[in-house]
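Q: model this:
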Amino acid sequence: MAKVTAELQAAQHDLVRLTARIEGLQAHQKALQRAAAAADASADQGVDLGSMTKARAIVAILKAAPHPMSLQDIAAALTDAGKASKASGVSVYLDGLLKDGLVVRVERGLYTAA
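A: Numbers count the residues shown, from 1 in each chain. Predicted coordinates for the structure are as follows:
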């Protein structure tokens with residue numbers, strides 16, 4: 001019984017360690033995807049996103065993204081491109097872009113270019 005208990009505790013410790021490692025790798029992957037989307041958007045537009053208005057930069061990032069993005073992902077991509085942004089600020093821009101038909105909400109909290 002003691003041996004099984006010790007093995008179980010060791011396995012649980014390994015699970016916690018591996019879960020933390022997986023979450024770290026997922027966060028790193030997401031950051032790389034955001035950076036790639038910002039770089040792709042900049043290349044596709046032929047200009048630096050930093051020189052665009054935030055609204056135009058948001059649309060460019062969403063067009064270049066391989067999948068719908070959250071407010072936090074868009075804000076991070078803008079920040080990576082040199083336009084310091086927070087999710088709350090992106091939300092204000094998205095409201096106007098949604099009304100103008102330039103952005104589509106594909107599901108709650110996820111957006112893509114129209």
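
Q: Going by secondary structure, the most centrally placed residue in the chain is in what exactly?
A: By Cα atoms, centre = their mean, the chain has its centre lying nearest to Asp73, at 2.5 Å. Per DSSP states H and E: Asp73 is located in helix 71-80.

Q: list the helices and strands that helix packs on?
A: Here helix 71-80 touches helix 2-45, helix 54-64, helix 87-99, going by 3 or more Cβ pairs under 8 Å, 6 or more residues apart in numbering; DSSP states H and E. In this view, the C-beta of every residue, glycine as well, is placed from N, C-alpha and C.

Q: Compare those and report which one is nearest to Ala113.
A: Nearest to Ala113, of all those, is helix 54-64, at 4.0 Å by Cβ to Cβ.

Q: Not counting sequence-adjacent ones, nearest residue to Pro68?
A: Spatial nearest neighbour of Pro68, chain neighbours left out: Leu110 (3.9 Å); criterion: Cβ to Cβ, 6 or more residues apart in numbering.

Q: hmm, back to that, nearest spatial neighbour of the residue nearest to the centre of the chain, chain-adjacent residues omitted?
A: Closest to Asp73 by Cβ to Cβ, 6+ apart is Arg34, at 5.6 Å.

Q: same deal with Val103?
A: Nearest residue to Val103 in three dimensions, chain neighbours excluded: Leu97, at 4.0 Å (Cβ to Cβ, 6+ apart).
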